[in-house]
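Asks: what shape does this take:
(one chain, ligands or ions: 1)
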Amino acid sequence: PKTLIEPFRIKSIEPIRMTTREQREQLLAAAHLNVFKLRAEDVLLDWLTDSGTGAMSSKQWGAIMEGDESYAGARSFYRLEKVIQDITGMQHFVPTHQGRAAEKVLFTAVCKKGDLVPNNCHFDTTRANLEYLGIEAVDLVIPEGLQPALIYPFKGNIDLARAEAVLQKDGARIPFGMLTVTNNTGGGQPVSMENIRAYSKLLKKYGKPFIMDVCRFSENAMFIKMREPGYENTPIREIVQEMFSYCDGATMSAKKDAMVNIGGFIVLRSDEWMDGVRNGLIMMEGFPTYGGLAGRDLEAMAVGLEEGMDEDYLRYRLRTAEYLGERLDAAGVGFVKPTGGHAVYIDAKTVLPDMPVAHYPAWALCNALYLEGGIRGVEIGSVMFGKRLQDGTETFHNMELVRLAFPRRMYTQSHFDYAAEVIAEVKEKAASIRGVKIVKQPEFLRHFTCECAWA
Ligand code: F0G
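Replies: Below is the predicted model:
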């Protein structure tokens, strides 16, 4: 049989609620045409993010009862430490409450004002944490990674020539090099083992440590298995171990591939930075054996890290995004190709080619998906990345995307079939879709809280 099924069955369910179009029109109006302001229970398919939103397994729920809630030296810490040491091959580990806390603690301990950090693409919080400390965050993804319609197997790769140029020119300012797997900001695109290996070698040549942002390391490993010659028959665990073998440390948001609702960590090969990390952790997160989490969270993470590397699961996971992509192709809807691991990024300009960017086509498409079918995605376009300048004029983003990110193990194929139908219907009705204007906005990160009206 060719159908790739969800490799699990459902033990506990959570109802989702249908609404009528009329109700959704009222709800969206009350939310000032900003889906962030909707109540989650008024959303049918909530694809705002894959972060911390997934379903835990019965094994994880079982482990939760084993949580040791001791303040210092809890058994749950040592259990998780062993799992992380085995996967990463690195000795030094501290938990944090989520990924951005791992970034903040590590950067505060290691970087100083005026530094520069190269990466394929920094995620928003990584960039914000660096810039807040007066550090320049430089994105060096390969040119292929910036062309939505171009099919290329590893669009998350870092451009090694540009990385070397930066190392030569600004080496003195660089505390370490980073690499984000998969490259979320660039469409959830994977990085090849060859690129990880070469970047590691390059950083070594210039005497710089290598830190990976590994939120989606298992999905990245599965892409390597499926796309990189020589890895077809390598078990995922071994691919993961090889990926980690090239770096000196990592920050992790466990809310992604560790299959938990909250959590993160820092892991380092050498103990050189550990005093600084532990001191910062105690101040910002908690004692080093719990780092802002409960013992039960550590247990769930220990199980989740293993489950996230399960090959049947990963095959189904990546196939889900690919399947939705095929349905969008059939409907003539453009998206970032090939589909990434955790999300599909619709190119709103292919649905609303005539809408002026000043009316925010990706935001308009987001609203239309909610009105048509109760689906919530996130705009990655000119509301998120554009700015209103002092003179009242606007800057716009170079792409108008809507990200539909998929919580892990939560939605079944019929949900995806339904979504494909909704998106196709929205495309049919494109002429009637209205753009918006922003009537109230804060100075920073305006997409979260801005209020809009129909343009
Ligand atoms: N790094 C990457 C690549 C991420 O995608 C995220 C979060 C973080 C770091 C920060 O981790 O949320 O646990 O503090 N991404 C989520 C998203 C929020 O929707 O893509 P966090």
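
Asks: write out the residues of the stretch 201-350 of the chain neighbouring the ligand.
Replies: Residues of the stretch 201-350 of the chain lying close to the ligand (C-beta under 6 Å from any ligand atom) are 213, 215, 253, 255, 264. (Each C-beta comes from the backbone N, C-alpha and C, glycine too.)

Asks: closest one of those to the ligand?
Replies: Ser253 (3.2 Å; C-beta to the nearest ligand atom).

Asks: wait, doesn't the closest one sit right on His97?
Replies: No. Assessed by C-beta atoms under 8 Å, Ser253 is found out of contact with His97, at 10.1 Å.

Asks: spit out the contact partners of the residue in the chain that the ligand sits nearest to.
Replies: Closest residue of the chain to the ligand, C-beta to the nearest ligand atom: Gly99 (2.5 Å). For Gly99, the contacting residues are 125, 213, 215, 251-255, 264, by C-beta atoms under 8 Å, 6 or more residues apart in numbering.

Asks: for burial, what's the neighbour tally of Tyr418?
Replies: 16 (other C-beta atoms under 10 Å).

Asks: nearest residue to it other than its sequence neighbours?
Replies: The spatial neighbour of Tyr418 that comes closest, neighbours along the chain excluded (C-beta to C-beta, 6 or more residues apart in numbering), is Gly373 at 6.9 Å.

Asks: cool, Met193 as well?
Replies: Ile224 is the one closest to Met193 (C-beta to C-beta, 6+ apart), at 5.3 Å.

Asks: who's in contact with that neighbour?
Replies: Ile224 touches 190, 192-193, 231, 239, 243, counting by C-beta under 8 Å, 6+ apart.

Asks: just name the closest of those residues to Asp354, please.
Replies: Pro190 (34.1 Å; C-beta to C-beta).

Asks: so what does that closest one have for phi and psi?
Replies: Per-residue torsions, Pro190: phi -80, psi 160 (degrees, to the nearest 10).

Asks: for it, which non-adjacent residue is spatially closest?
Replies: Phe223 (3.6 Å).

Asks: measure the residue of the chain closest to the ligand to Leu116 for me?
Replies: Distance, Gly99 to Leu116, by C-beta to C-beta, to the nearest Å: 21 Å.

Asks: over to Phe444?
Replies: Distance of Phe444 to Leu116, given as C-beta to C-beta: 22 Å.

Asks: comparing these two, which residue is more hemmed in?
Replies: Taking neighbours as other C-beta under 10 Å, Phe444 and Leu116 compare with Leu116 leading, 19 against 8.

Asks: tell me the bridge partners for the more buried one.
Replies: Glu136 (DSSP bridges).

Asks: residues contacting the residue lying farthest from the centre of the chain?
Replies: Most distant from the centre of the chain: Asp391, at 34.4 Å, with distances by C-alpha atoms, centre = their mean. Neighbour list for Asp391: empty [criterion: C-beta under 8 Å, 6+ apart].

Asks: returning to that earlier point: who wins for neighbours among the contacts of Ile224?
Replies: Ranking the contacts of Ile224 using other C-beta under 10 Å puts Pro190 first, with 28 neighbours.

Asks: so that residue is in contact with Lys225, correct?
Replies: No. Applying C-beta under 8 Å as the test, Pro190 and Lys225 come out as separate, 10.4 Å apart.

Asks: and the residue nearest to the spatial centre of the chain, how far from Gly145?
Replies: By C-alpha atoms, centre = their mean, the mean C-alpha position of the chain lies nearest to Asn184, the distance being 4.7 Å. Distance of Asn184 to Gly145, given as C-beta to C-beta: 12 Å.

Asks: mutual contacts of these two, please.
Replies: Common neighbours of Asn184 and Gly145 (C-beta under 8 Å, 6+ apart) are Cys121.
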